[in-house]
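[1] Coordinates only, no sequence provided:
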């Protein structure tokens with residue numbers, strides 16, 4: 001079974017196809033076990049879980065596939081033309097729709113189980129941590145010109161703007177995969193226990209009171225899935241930012257605003273049919289929103305303490321709008337800069353993130 005579906009160098013099959021084939025084979029094994037002593041549990045553990053099979057397991061193959069999808073579905077990446085479509089709620093292009101969709105991730109969860117899917121997201125967590133650390137290094141290396149930009153000066157050229165955007169798109173891809181998984185899990189729970197969602201909401205509402213019970217708190221937060229729904233915070237991104245406390249995170253809005261000068265934009269165009277940027281650059285938006293929500297609040301300013309994400313987002317929007325208007329009104333507008341696509345991106349950022357007023 002393993003050799004048939006997981007040949008050397010071949011991509012793994014779609015989870016739904018593999019699940020159907022595995023179910024048929026399990027029925028055959030169950031019939032066989034009635035005539036001979038067969039440990040079906042041991043067979044499954046050897047094929048499915050990393051504890052028994054090392055790297056030669058289904059879990060390892062799918063973990064590598066989703067890691068490569070998130071890493072390579074970037075502008076100029078190996079998976080050129082692969083985009084995350086908010087319209088169809090799946091990744092499109094290069095056959096990725098047969099892996100990264102709500103239905104396929106639901107099948108993957110049934111195939112690998114909770115622990116197996118957890119191993120997949122552990123691999124994605126390492127990827128997010130590396131990219132967040134890279135963004136922190138960018139801020140530290142460019143602290144002087146970013147501070148000059150914050151003070152209204154032209155400042156020196158920033159080094160590594162393209163890499164900053166690519167790292168952000170990778171984080172956005174991971175967030176998209178996790179949201180698809182969260183949606184698949186919620187649909188599965190709703191079909192099996194249709195009133196659990198309402199109970200969780202009631203429990204979380206009760207926790208807003210002063211008399212919080214630890215058991216109820218644990219139940220509510222564990223039931224939230226991958227995100228803190230009240231604040232829309234992805235826990236992977238939050239942990240990665242917390243692991244990089246030395247970075248000058250207060251400069252991040254200015255760094256993202258300056259990213260409109262990056263060369264990546266020269267190859268960017270808006271696709272109205274799928275409501276995406278053709279090189280998947282729109283996934284920069286979800287990553288930016290998550291980073292703004294996860295940044296430590298800046299002490300000393302009551303506004304920043306009350307709503308740090310809104311403060312960061314407003315700073316980014318003001319600086320970005322000023323930069324785009326300056327490019328548009330220049331005597332010699334920069335060639336190859338899709339100013340219309342940039343404006344569309346800003347509108348989508350405001351509409352989709354909900355962390356700043358339009």
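    Received it, and whenever you're ready, just let me know what you need. Everything numeric here is computed off the predicted structure, so don't read it as measured data.
[2] Buried residues in stretch 66-83, which are they?
    For stretch 66-83, burial by neighbour count (16 or more other C-beta atoms under 10 Å) applies to 66-67, 69-75, 77, 79, 82-83. All C-beta atoms are positioned from the backbone trio N, CA, C, and that covers glycine.
[3] my bad, stretch 111-121
    111, 112, 116, 117, 119, 120, 121.
[4] Let me know the helix or strand that the third one is in.
    Using DSSP states H and E, residue 116 maps to helix 102-141.
[5] That helix - contacts with which helices or strands?
    helix 15-33, helix 40-48, helix 58-72, helix 161-192, helix 235-242, helix 252-258 (3 or more C-beta pairs under 8 Å, 6 or more residues apart in numbering; DSSP states H and E).
[6] so where is the protein shaky, pLDDT-wise?
    Residue ranges of the chain with pLDDT under 70: 1-9, 26-27, 29-56, 154-156, 187-232, 297-307, 333, 357-358.
[7] helix or strand for residue 84, which one?
    strand 83-85.
[8] So what touches that strand?
    Contact with strand 83-85 is made by 73, 90-93, 100, 172-173, 176, 271, 274-280, 282-283, as judged by C-beta atoms under 8 Å, 6 or more residues apart in numbering.
[9] among those residues, which ones are buried?
    73, 90-93, 100, 172-173, 176, 274-280, 282-283.
[10] Filter these down to the ones in helices?
    Those of the buried ones among the contacts of strand 83-85 mapping onto helices are 172, 173, 176, per DSSP state H.
[11] Quick check, the second one in contact with residue 283.
    Yes - the criterion here is C-beta atoms under 8 Å, and residue 173 meets it with residue 283 at 5.6 Å.
[12] which neighbours do these two share?
    Contacts common to residue 173 and residue 283, judged by C-beta under 8 Å, 6+ apart, are 73, 84.
[13] and which of the buried residues of stretch 66-83 is nearest to residue 24?
    residue 66 (25.5 Å; C-beta to C-beta).
[14] List the contacts of the closest one.
    Counting by C-beta under 8 Å, 6+ apart, residue 66 has contacts 99, 100, 120, 123, 124, 177.
[15] swap in residue 109?
    Counted by C-beta under 8 Å, 6+ apart, residue 109 has contacts 117, 181, 184, 185, 188.
[16] and the fourth one, how many neighbours?
    Using other C-beta atoms under 10 Å as the criterion, residue 185 is surrounded by 18 other residues.
[17] measure it to residue 175 for me?
    15 Å (C-beta to C-beta, to the nearest Å).
[18] and if you look at residue 114?
    Counting by C-beta to C-beta - residue 114 and residue 175 are separated by 20 Å.
[19] before we move on, what about residue 18?
    From residue 18 to residue 175 the distance is 26 Å (C-beta to C-beta).
[20] Starting from the helix holding residue 116, tell me the next helix or strand along the chain.
    Next along from helix 102-141, by DSSP H and E: helix 143-150.
[21] ok, and for that next one, which residues are buried?
    In helix 143-150, counting by 16+ other C-beta under 10 Å, buried: 145, 146, 149, 150.
[22] what sits against the third one?
    By C-beta under 8 Å, 6+ apart, the contact set of residue 149 is 155, 254, 257, 258, 319.
[23] before we move on, back to that, pick the one among the contacts of residue 66 closest to residue 242.
    For the contacts of residue 66, the nearest to residue 242 is residue 124 (17.0 Å; C-beta to C-beta).
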